[in-house]
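S.K.: below: sequence and its predicted model.
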Amino acid sequence: MAIATVEGARTPIRLWTRLEDVEASALEQLRNVAALPTIVHLAVMPDVHGGKGCTIGSVIATRGSVAPATVGVDIGCGMAAVRTSLMAADLPDNLGALRSKIEATIPVGFNAHETPAVPADPNLWVEIQEVLWSRFGALHAKVAERKERARKQLGTLGGGNHFIELCLDEEQRVWLMLHSGSRNIGKEIAEAHIKIARTLEHNQGLPDRDLAYFVSETPELAAYRNDLYWAQSYAALNREVMLGIYRRVISETFDGVRFDDAISCHHNYVAEEVHFGERLFVTRKGAIRAGAGDLGIIPGSMGAKSFVVEGLGNPEALESASHGAGRRMSRGQAKRTFTLADLKAQTAGVECRKDAGVIDEIPAAYKSIDEVMANQRDLVKVRHTLKQVLCVKG
């Protein structure tokens, strides 16, 4: 059951965290979302914190409408992880050379491949060519000319809180894990549609212009759905291509390594699902699907544990769970609060960048992942606990 509810909201707001742990600005955002005329249900995950128009950690069920800003600009952002046959004892004492090799092979930050990455799996190549790029011409006209850049960014990491990690589980098995989304093309798609939504007459009286939404059976929603679902496919394929490159790096480094099937999940996306006997648009902004038996990944920060989880299918939470630890302070505040010495201390034992460019990702800028997991015991059960020994940041 939810830990708390927000009083006085038009639609009930159910929280899987204590009310006093949610900042006032985030509570105001939640009330604004709950006041939308098309909303049916609002569930708030334990990693909740303020975002653009809508809190991160929100699961929003709407009837016949979608607000593009509630999805966010990193459409389809999510996680992928794969267990290997390697054990901790197989790893070298110093992982610096491996981190350098990963960084040299997988572009990070604003970078892209010099030529489009060709996946080793021929079925994946067919999907990219026939499913992804055949639909590109139908995208919003303002971003359609970005095809070549988008092609070269497929299989790249990006920056911010995106990462590539090498982790150990509770049995000292080695896992590959990564976090990325739809790169710049997803951002451009989102911004183009947010701009259109703000101009529509029915959105003029909203308490927050970032909650402007599209409604069913209109050309605006049809266009957004097309572009949105394309970007979600691009994000999933981006992770799959990147994971393939990462596997190749590990195979070249460790003879005879084997890989299990990958686990992959979105945590910024829209799905059309049946809840409470009705087909609804479900927007998960900073949340994963956690239907009964669904496998998902909930990461901590670059110095904390992560979890492979199995969903419990809680209907009150719209069969969802948190997407991570969630920030407890802004990037700017983190940079003002912490020093390089703090960063080095909090990432001790992890082969990673320890420079001023990643201070905003310091573990103390995030909530306690243990507390987040405790608050969602009725949403997921833990299958594996992972701890990184190597982390690549953009």
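M.R.: That came through, no problem.

S.K.: model confidence over the longest strand seen in the chain, on average?
M.R.: Determined from DSSP state E, the single longest strand within the chain is strand 380-393. Averaged over strand 380-393, pLDDT sits at 97.

S.K.: please point out which parts of it sit buried.
M.R.: Within strand 380-393, the residues that count as buried by 16 or more other CB atoms under 10 Å are 380, 384, 386-393. In this view, the C-beta of every residue, glycine as well, is placed from N, C-alpha and C.

S.K.: okay if I get those residues as TSV plus distance to V82?
M.R.: Below are these laid out as TSV (distance: CB to CB, whole Å):
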residue	distance to V82
V380	19
H384	12
L386	11
K387	16
Q388	14
V389	16
L390	15
C391	16
V392	16
K393	20
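
S.K.: so what's the gap between the longest strand of the chain and the chain middle?
M.R.: 15 Å (CA atoms, centre = their mean, to the nearest Å).

S.K.: likewise for stretch 185-199?
M.R.: So, by CA atoms, centre = their mean, the centroid of stretch 185-199 is 19 Å from its chain's centroid.

S.K.: could you pull up the mean pLDDT of that stretch?
M.R.: Here stretch 185-199 scores 95 as its mean pLDDT.

S.K.: identify the residues contacting it?
M.R.: 67-69, 71-77, 139-140, 142-143, 146, 149-150, 153, 182, 203, 209-210, 212-214, 220, 223-224, 227-228, 230-231, 234-235 (CB atoms under 8 Å, 6 or more residues apart in numbering).

S.K.: and of the buried residues of strand 380-393, the nearest to A97?
M.R.: L390 (10.7 Å; CB to CB).

S.K.: who does that closest one bridge with?
M.R.: As for beta bridges, L390 partners with L166, E351 under DSSP bridges.

S.K.: from K101, how far off is it?
M.R.: Distance of L390 to K101, computed by CB to CB, to the nearest Å: 11 Å.

S.K.: could you do W16 as well?
M.R.: For W16, the distance to K101 - CB to CB - is 40 Å.

S.K.: more neighbours: the two, which one.
M.R.: Using other CB atoms under 10 Å as the criterion, W16 and K101 rank with W16 on top: 27 against 14.

S.K.: where does the nearest residue to the more buried one once chain neighbours are set aside land in three-state SS?
M.R.: Nearest non-adjacent residue to W16, counting by CB to CB, 6 or more residues apart in numbering: P46, 4.6 Å away. Classification of P46 by DSSP: H, G, I helix; E, B strand; the rest coil places it in strand.

S.K.: would you agree P46 is in contact with N375?
M.R.: Yes. Between P46 and N375 there is a contact under CB atoms under 8 Å: 3.8 Å.

S.K.: for those two, list the residues in contact with both.
M.R.: With CB under 8 Å, 6+ apart, P46 and N375 have common neighbours 3, 16-17.

S.K.: circling back: return the longest strand of the chain as CSV; C-alpha atoms alone will do.
M.R.: This file holds the C-alpha atoms of strand 380-393, laid out as CSV (Å, rounded to 0.1, in the frame of the first residue of the first chain):
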residue,chain,number,x,y,z
VAL,A,380,9.3,-5.3,-6.4
LYS,A,381,11.4,-8.0,-4.9
VAL,A,382,15.2,-8.1,-5.3
ARG,A,383,16.6,-10.8,-7.5
HIS,A,384,20.2,-9.5,-7.5
THR,A,385,22.2,-6.8,-5.7
LEU,A,386,25.0,-5.3,-7.8
LYS,A,387,27.9,-3.1,-6.7
GLN,A,388,30.0,-1.3,-9.4
VAL,A,389,33.8,-1.7,-9.5
LEU,A,390,34.1,0.4,-12.7
CYS,A,391,32.0,3.3,-13.9
VAL,A,392,32.2,5.3,-17.1
LYS,A,393,30.5,8.7,-17.2
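
S.K.: what's it packed up against?
M.R.: Applying 3 or more CB pairs under 8 Å, 6 or more residues apart in numbering; DSSP states H and E, we find strand 380-393 packed against helix 96-105, strand 163-168, strand 173-180, strand 295-298, strand 305-311.

S.K.: residues making contact with the third one?
M.R.: Surrounding strand 173-180, the residues in contact under the criterion CB under 8 Å, 6+ apart are 77-84, 86-88, 90-91, 156-158, 161-169, 235, 238-239, 242-243, 246-247, 250, 259, 297, 299, 306, 384, 386, 388.

S.K.: could you redo the last one with a cut-off of 6 Å?
M.R.: Residues lying outside strand 173-180 but in contact with it, judged by CB atoms under 6 Å, 6 or more residues apart in numbering, are 79-84, 86, 157-158, 162-165, 167, 238-239, 242, 246, 386.

S.K.: list the contacts of the nearest residue to G76 once chain neighbours are set aside.
M.R.: Leaving out its chain neighbours, the residue that sits closest to G76 by CB to CB, 6+ apart is A235, at 2.7 Å. If a contact means CB under 6 Å, 6+ apart, then A235 has 76, 181-182 as its contacts.

S.K.: against V73, how distant is A235?
M.R.: From A235 to V73 the distance is 12 Å (CB to CB).

S.K.: got it, and Q172?
M.R.: From Q172 to V73 the distance is 38 Å (CB to CB).

S.K.: who's in contact with the host helix or strand of D342?
M.R.: Here D342, judged by DSSP states H and E, is contained in helix 340-346. With CB under 6 Å, 6+ apart as the test, helix 340-346 has contacts from 303, 354, 359, 362-363.

S.K.: so which of these belong to helices?
M.R.: Using DSSP state H to define helices, no part of those is located there.

S.K.: picking that back up, same list (the helices and strands packed on strand 380-393) but as CSV, adding distance to Y269 and mean pLDDT.
M.R.: Below are the helices and strands packed on strand 380-393 laid out as CSV (distance: least, CB to CB, whole Å; pLDDT from 0 to 100):
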stretch, distance to Y269, mean pLDDT
helix 96-105, 26, 97
strand 163-168, 19, 98
strand 173-180, 14, 98
strand 295-298, 13, 98
strand 305-311, 16, 98
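
S.K.: with that, I have no additional questions.
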